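> only geometry, no sequence info:
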């Protein structure tokens with residue numbers, strides 16, 4: 001019984017993280033609007049060794065994912081700590 005309860009809590013935490021990821025991913029504008037071109041160009045050259053359209057798209061996507069994770073990780077941690085405090089009261 002306790003194992004099933006722990007499994008359900010872990011699954012709900014993963015689902016909550018994915019919902020945050022999707023929500024913030026849709027709320028942010030296109031990465032070309034808030035990511036510096038020179039940063040994307042440098043990232044494309046580091047990752048793929050060249051600067052073409054596909055490598056620039058990959059660089060923008062990678063930087064966008066990193067930005068989303070940086071934004072949602074503290075929110076996730078804070079809400080999990082808040083839920084834990086509320087549950088312990």
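Yes, it's here. All of these numbers come straight from a predicted model, not from anything done at the bench.
> From here on, just use CA atoms for contacts and neighbour counts.
Will do.
> Please identify the buried residues of the strand or helix carrying residue 82?
Taking DSSP states H and E as the criterion, residue 82 maps to helix 53-88. For helix 53-88, the neighbour count (16 or more other C-alpha atoms under 10 Å) marks 55-64, 68-69, 72, 76 as buried.
> so can I have CSV of those showing pLDDT and distance to residue 45?
Formatted as CSV, these follow (pLDDT from 0 to 100; distance: C-alpha to C-alpha, whole Å):
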residue, pLDDT, distance to residue 45
55, 94, 8
56, 94, 9
57, 94, 12
58, 93, 11
59, 95, 9
60, 95, 12
61, 94, 14
62, 95, 13
63, 96, 13
64, 95, 17
68, 95, 22
69, 96, 23
72, 96, 27
76, 97, 32
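> which other helices and strands contact the helix holding residue 82?
Contacts defined by 3 or more C-alpha pairs under 8 Å, 6 or more residues apart in numbering; DSSP states H and E place helix 53-88 against helix 2-27, helix 31-34, helix 37-48.
> so that helix versus helix 37-48, what angle?
Interaxial angle of helix 53-88 relative to helix 37-48 (axes from the mean of the first three to the mean of the last three C-alpha atoms, to 10 degrees): 100 degrees.
> Please name the nearest non-neighbouring residue to the residue nearest in space to the middle of the chain.
Centroid-nearest residue in the chain, with C-alpha atoms, centre = their mean: residue 69, separated by 2.7 Å. What sits nearest to residue 69 in space, not counting adjacent residues and going by C-alpha to C-alpha, 6 or more residues apart in numbering, is residue 21, at 7.5 Å.
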